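Student: Got a predicted model here, sequence first, then my questions.
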Amino acid sequence: MSEENNKTISTDSDTAKQEENFSELIEKSYTALERLRPGQKVKAKVVNISGGNAYIYLGGKSEGIIDESEFLDEDGTSRINEGDEIDAFFVAVQDGTRKFTTIRHGYSTVSLGGIRDAFEAGVPVSGEVKGEVKAGFEIMIGKVRCFCPASQIDLKGTREAKAYVGQIFPFKILEFGEDGRNIIVSRRALLEEEKQALIARLKETLAVNAEITGVVKSIQKFGAFIDIGGIDGFIPASEISYDRNEKPENILSPGQEIKTKIIKLDWDNDKITLSIKATQPDPWSSVEEKYPAGSKIQGVITRLAPFGAFVKLEPDIEGLIHISNLGTGRRLNHPKEVVEAGQQIEAYVISSEPRNRKLSLSLQPRVASEKIVFPAEGELVKGTVEKIMPYGIFLRLNENLTGLIPNSEMGTPQGTDHKKMFPEGAEMQVVVLEVDRVNGKLRLSRKGIMERTEREEYSQYLDSSKNSVNSSSSLGSLGDLLTAKMAEKKIPGH
């Protein structure tokens, strides 16, 4: 055989092998496609769009179809083009054609068989909410009547029934029983799957201290729920404004777009805590500069408490006038004896603690502590009874100083009526127990004076006895000492 003939035979043989291999590949491709399981995901290329269908290439000479409506926007604009690669899910073989869906808008079918195929494939179907029935809704999938329990129409089911009637939604088929006479569907199951998928994506992007934009969904007394793109975040009332007296509904409104900061992420419970305050400068950071000690301010009394009156200086800054600083010159039972809520006042700054958000005020200018002469602890002082309270007596020492004698330091039997025993204006000598120079407060004791007097008398007695023994040599016995002591106490003229 010639070399030329050998080449021809070789070429024909190679061609035959290539055709055989190509046929095997096609056969394998068809075999693989025949084994597609309902719900199986495939990646395919769109090869043609016509007749209301999108045709996708499945390998070999096989194609599949997807209802074009799954790719149309509300205005009818198509979101796909020939040549696009998409992910699709196998539904079933209908009339020799492999039907697929993208699931995004729900598989469109009008037949009972199509619903069964979707049930077996685990893919959603598009259905219209025809009306409300007992315990749920009537759903029409094509011409097939289905049932959706009320609890399965939404994630929370808080909307009124009329909000769903006439709407077309994707539904997941939960049950396909009695040959299609008992079909139960759920919209909630799909919403939960979407929510979990969204949370999975957000876990990769969200972080504490990140600033995000959201839309106010609902407002409650305890805070506001914010839609941050498919899931809800929550802003506690304390994180809406620096003004603690402002109500959430006075600051936010449903549908309002706001900027927030993430302050806590609890993925185990799907909770995202947000803050508006964290996106704004803290007004308390400049309080010491704006309201130095001794400065005069103007404000409005917002509320009264048994211990004092709260004064608003600006929207986010509030100070307190303690009941002892209302400047009446007398003890008060309640601030309402001097001021009232809503009253415009002038006051003076005593001190500020920005870190603790405290601003102490007084109705009268405060006497500088360095001008006050404080007694020393242990010193004996005199004063007049100013006010008698259930817990003790206030004793005024001078124009700038008042001290408290607690009942435990009065030295009187339990149950004593101090108002009768020590009327206002009565003088009293006490000993100083504690001195608080910062707040100008003293803790006094009447009992301490009595104990000190007893100790001094006993000490004098001991000294006197000792001197008597040393000076009288004739009195050497105990009887002589007693006789001498009695002689000292004998009353003249008796």
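Tutor: Looks like it came in fine.

Student: May I have the distance across stretch 178-190, first residue to last?
Tutor: This stretch, stretch 178-190, spans 24 Å end to end (Cα to Cα, to the nearest Å).

Student: contacts for it?
Tutor: 112, 115-116, 124-125, 127, 139, 141, 144-149, 151-155, 157, 169-177 (Cβ atoms under 8 Å, 6 or more residues apart in numbering). The C-beta positions use only the backbone N, C-alpha and C, and glycine is treated the same way.

Student: Report the contact partners of Glu63.
Tutor: Going by Cβ under 8 Å, 6+ apart, Glu63 touches Val47, Tyr55, Ile56, Tyr57, Thr97, Arg98.

Student: what comes up buried for the host helix or strand of Glu386?
Tutor: Mapping Glu386 onto the secondary structure by DSSP states H and E places it in strand 380-389. Along strand 380-389, these residues count as buried under the neighbour rule (16 or more other Cβ atoms under 10 Å): Val381, Gly383, Val385, Glu386, Lys387, Ile388.

Student: what are the pairing partners of the helix or strand containing Phe89, and which direction each?
Tutor: When secondary structure is defined using DSSP H and E, the element that contains Phe89 is strand 85-94. Next to strand 85-94 in the sheet, as set by DSSP bridges, lie strand 41-50 (antiparallel), strand 97-101 (antiparallel).

Student: Contacts made by whichever helix or strand comes after the shortest one with the rest, please.
Tutor: So the one you mean is strand 97-101. The helix or strand immediately downstream of strand 97-101 is helix 112-121, counting by DSSP H and E. Residues lying outside helix 112-121 but in contact with it, judged by Cβ under 8 Å, 6+ apart, are 38-39, 89-92, 94, 99, 107, 109, 124-125, 141-142, 144, 146, 173, 176, 180, 183.

Student: follow-up on the earlier one: closest one of the buried residues of strand 380-389 to Leu252?
Tutor: Ranking the buried residues of strand 380-389 by separation from Leu252, with Cβ to Cβ as the measure, puts Lys387 on top at 47.2 Å.

Student: isn't the closest one right next to Gly425, touching?
Tutor: No - look at Lys387 against Gly425 with Cβ atoms under 8 Å: they stay out of range, at 10.9 Å.

Student: Surely Leu198 and Asp227 touch.
Tutor: No - taking contacts as Cβ under 8 Å, Leu198 lies outside contact range of Asp227: 11.5 Å.

Student: in stretch 119-132, what's buried?
Tutor: Buried residues in stretch 119-132, counted by 16+ other Cβ under 10 Å: Phe119, Ala121, Val123, Pro124, Val125, Ser126, Gly127, Val129, Glu132.

Student: got a pLDDT number for Thr328?
Tutor: Looking at Thr328, its pLDDT reads 58.

Student: Use 338 as the first number from now on
Tutor: With the count now opening at 338, the last piece we talked about shows up as Thr665.

Student: show me where the stretch 588-737 of the chain has helices.
Tutor: Secondary structure of the stretch 588-737 of the chain (DSSP state H, counting those that start in this stretch): helices located at 624-627.

Student: Point out where it drops to low pLDDT.
Tutor: Within the stretch 588-737 of the chain, the segments meeting pLDDT under 70 span 664-668, 703-708.

Student: now the contacts of stretch 515-527: which count as buried?
Tutor: Judged by neighbour count, with buriedness set by 16+ other Cβ under 10 Å, the buried members of these are 449, 452-453, 461-462, 464, 476, 478, 481, 483-485, 489-490, 506-511, 513.

Student: Filter these down to the ones in helices?
Tutor: When helices are assigned by DSSP state H, the members of the buried ones among the contacts of stretch 515-527 inside them are Leu449, Ile452, Arg453.

Student: From these, pick the one nearest Val648.
Tutor: Of all those, Val648 sits closest to Ile452, with 69.2 Å by Cβ to Cβ.

Student: confidence score at the closest one?
Tutor: At Ile452, the model reports a pLDDT of 83.

Student: From Ile476, how far out is it?
Tutor: To Ile476, Ile452 is 11 Å away according to Cβ to Cβ, to the nearest Å.

Student: can you check Lys598 too?
Tutor: Here Lys598 is placed at a distance of 42 Å from Ile476 (Cβ to Cβ).

Student: swap in Glu674?
Tutor: Look at Glu674 and Ile476: by Cβ to Cβ, they are 69 Å apart.

Student: And the strands in the stretch 538-687 of the chain, which stretches?
Tutor: With DSSP state E, counting those that start in this stretch as the definition, the stretch 538-687 of the chain shows strands at residue ranges 548-557, 560-564, 569-573, 594-603, 608-612, 633-642, 645-651, 654-659, 681-690.
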